[in-house]
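*Asks:* Provided below for reference: sequence and predicted model.
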Amino acid sequence: MTNQALIEVKDLKTHFNIEGTWARAVDGVSFSVHAGEVLGIVGESGSGKSVTALSLMRLIPDPPGRIVGGSVMYKGRDLTKLSYEEMYDIRGKEIAMIFQEPMTSLNPVLRIGNQIAEVIMAHEGLDEKSAMKRSVEMLSLVGIPDPEKRVRDYPHQFSGGMRQRVMIAIALACNPSILIADEPTTALDVTIQAQILELMLELQRKRKDAAILLITHDLAVVAEMCHRVIVMYGGKIQETADVRTLFANPAHPYTRGLLNSIPRPSKERKGRERLQAIPGNVPSIMNLPTGCKFCTRCEVKLEKCDTVEPDLVEIAPGHSVRCHLVSEAQQ
Amino acid sequence: MSAPLLEIKNLKVHFPVYGGVFQRKVAEVKAVDGVSLTIHRGETVGLVGESGCGKTTVGRALVNVLKHVNSDVYVDGEVIYHATDGTTTDLLALKNRDLQAFRRKIQMIFQDPYSSLNSRLSVKQIIAEPLEIHRPDLSKSEVDDRVRWLLEKVGLQPEYALRFPHEFSGGQRQRIGIARALATNPELIVCDEPVSALDVSVQAQVINLMEDLQKEFGLSYLFIAHDLSVVYHISQRIAVMYLGNIVEMGSADSVYFAPTHPYSKALLSAVPEPDPLRTDKQRIILEGDIPTPLNKPSGCGFRTRCPIAQDACAKDVPVLQHKANGSAVACPFVT
């Protein structure tokens, strides 16, 4: 991992206008993705993790959504200021994305080969024949057997895991520097999930100058895949650290709660162990608390947590936490 | 082990496939193809496997709803209910009218808390519905009391009875679903992926609630899920299914930590671990996808992806062989 930032997100704010009120789905998120790393964003539904990814790609439907502030710097350009035409050159070529639903993210009436070739023709200016040849290469790269024949198949002739491979082939067709994977394995079975994660890691190892932004709710996937992790809750980054620190030394009460609530099979503890659940429910983004976003469910909250939003404070190199309790203990 | 509650013997469920101009039956999907499993009183049996392996169909066969969906479904085998007084009844052989008395003993919790509750009924109506059918002797105020009591049992405020499902979050809806299943005092609850649609931080709440209720009411669970660490946590015994057959069965410890069938081994090695320091794990990556049950391989269903497959595997369907420690495995080439 180098320290050169491929993409730098600063104070990104994406809000949605829902029946006259603005829901702050992403509210002041800053992070950077470095070349050669896998950066994970974990969070539950409504935490803003997917909206962050879509904002990077400028895929927020407007209306109702809008990037209302902040910047996304990529190769000296602010992606939030680019016109839609200029974004065409970035999307798919510089930054590519794969989605959760391999069943719905492919066009059902086009052959697989044409869908891969479409990207290559649009970005590299190749003619159809050579683009199709590249499609075949891409399919074999992502491990689809018999690629010469399969390029002529339609999406319904592929299984879920195979479709996700095709999505990865499309995403990687133009050699992007950043691959954003939004819950890429959530809809898949565990054995297929293992195949897809292995494939992503393998491709990532081949290109040292590229990076993966992996968005997921599954902490186990994060532990296996990522170098650094961002924990989001209520549209804000609550904690960020390298993966080992986060799992060994979680500082934010939410991160600790999340880690405690997943079952960790072990023979000795079987039958005696009770899961430590986080009380309450994930608040709706329509009415988030004014202070700390986690204060409604926090078991160690202070009085001021209700009203004063804590800042994201660096407690150790590369380890930042947004919690009054932690920053007070630091002082 | 405690007394058996439900004994499934050689259960087969085949769905018809229609095709052609006249929509005639052209093929059969052998979703469940000879499953035998015993669930004891107060026990949780985990049923795991990938999508399409038939685990949900087993659950549905137990609550006996398959014939109502499509009368052409072929259901064979026995589901024997053992009453506390020692009498046994084969539920699959019963006529609908006679089945009614047993339906209340086996209830179900569904995966999707958003579609499994009728959005036009209030919470009270949802929970009271099974009582109206199975306990017509109860007066209105008795039903009211029971609904309030059930809501408290699942950790919701009794005042919520007058609200509608859309006012609740996913975890709360799943609690309502559990209250509905509990309404008739069941002995077995078939839980079909009860937590997989919930947020991570809420899953633990629902799992803890299910464990508490089990202790309090002596319930048995058939816990169908694909998340193996959750299944291990809640189950005493685990059965692994592949393409309509159980390939391995045994205590949770033996199946989770010492699987012997090549499929169970691969399945468990694929489970990601929430520990970045564990890099020593040997992962068995299976080639390809699960074959469709429409066109099952001959002999052992797993042989097309099996790392130790031999010629003999194509001949006979391997039977579950019971071992000394109470576990069973359907592969002649492992011990």
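*Replies:* Great, that's in hand. Source: prediction; values computed, not measured. Numbers count the residues shown, from 1 in each chain, chains lettered A, B, ... in the order given.
*Asks:* tell me where chain A has strands.
*Replies:* Applying DSSP state E to chain A gives strands spanning A:5-18, A:21-34, A:38-42, A:65-74, A:77-78, A:95-98, A:178-182, A:211-216, A:228-233, A:236-242, A:313-316, A:319-321.
*Asks:* pipe these into a markdown table and attach mean neighbour count, distance to residue A:143 and mean pLDDT per row.
*Replies:* C-beta coordinates here come from the backbone N, C-alpha and C atoms, glycine included. Below are the strands of chain A laid out as a markdown table (neighbours: other C-beta atoms under 10 Å in any protein chain shown; distance: least, C-beta to C-beta, whole Å; pLDDT from 0 to 100):
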| stretch | mean neighbour count | distance to residue A:143 | mean pLDDT |
| --- | --- | --- | --- |
| strand A:5-18 | 18 | 26 | 91 |
| strand A:21-34 | 20 | 26 | 91 |
| strand A:38-42 | 26 | 19 | 94 |
| strand A:65-74 | 18 | 30 | 91 |
| strand A:77-78 | 14 | 34 | 90 |
| strand A:95-98 | 24 | 15 | 91 |
| strand A:178-182 | 24 | 16 | 92 |
| strand A:211-216 | 24 | 17 | 93 |
| strand A:228-233 | 26 | 27 | 95 |
| strand A:236-242 | 24 | 30 | 95 |
| strand A:313-316 | 14 | 40 | 92 |
| strand A:319-321 | 22 | 37 | 94 |
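*Asks:* now those strands in JSON lines, with distance to chain B?
*Replies:* Converted to JSON lines, the strands of chain A look like this (distance: least, C-beta to the nearest C-beta, whole Å):
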{"stretch": "strand A:5-18", "distance to chain B": "16"}
{"stretch": "strand A:21-34", "distance to chain B": "16"}
{"stretch": "strand A:38-42", "distance to chain B": "9"}
{"stretch": "strand A:65-74", "distance to chain B": "22"}
{"stretch": "strand A:77-78", "distance to chain B": "34"}
{"stretch": "strand A:95-98", "distance to chain B": "18"}
{"stretch": "strand A:178-182", "distance to chain B": "15"}
{"stretch": "strand A:211-216", "distance to chain B": "10"}
{"stretch": "strand A:228-233", "distance to chain B": "9"}
{"stretch": "strand A:236-242", "distance to chain B": "9"}
{"stretch": "strand A:313-316", "distance to chain B": "17"}
{"stretch": "strand A:319-321", "distance to chain B": "14"}
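*Asks:* next, format those strands as CSV and append distance to residue B:229.
*Replies:* Formatted as CSV, the strands of chain A follow (distance: least, C-beta to C-beta, whole Å):
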stretch, distance to residue B:229
strand A:5-18, 33
strand A:21-34, 29
strand A:38-42, 17
strand A:65-74, 35
strand A:77-78, 43
strand A:95-98, 25
strand A:178-182, 22
strand A:211-216, 16
strand A:228-233, 19
strand A:236-242, 23
strand A:313-316, 30
strand A:319-321, 27
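*Asks:* wait, which of those is closest to residue B:14?
*Replies:* strand A:95-98 (36.8 Å; C-beta to C-beta).
*Asks:* just checking, what packs against that closest one?
*Replies:* helix A:160-172, strand A:178-182 (3 or more C-beta pairs under 8 Å, 6 or more residues apart in numbering or on different chains; DSSP states H and E).
*Asks:* so which elements touch the longest one?
*Replies:* It stands for helix A:160-172. Using 3+ C-beta pairs under 8 Å, 6+ apart: helix A:160-172 touches strand A:95-98, helix A:112-124, helix A:128-141, helix A:190-206.
*Asks:* packing partners for the third one?
*Replies:* The one in question is helix A:128-141. Helix A:128-141 packs on helix A:112-124, helix A:147-150, helix A:160-172, going by 3+ C-beta pairs under 8 Å, 6+ apart.
*Asks:* strands of chain B, start to end?
*Replies:* Counting by DSSP E, the segments of chain B that form strands are B:4-19, B:24-40, B:44-48, B:74-82, B:88-90, B:106-109, B:188-192, B:220-224, B:237-242, B:245-251, B:321-322, B:328-329.
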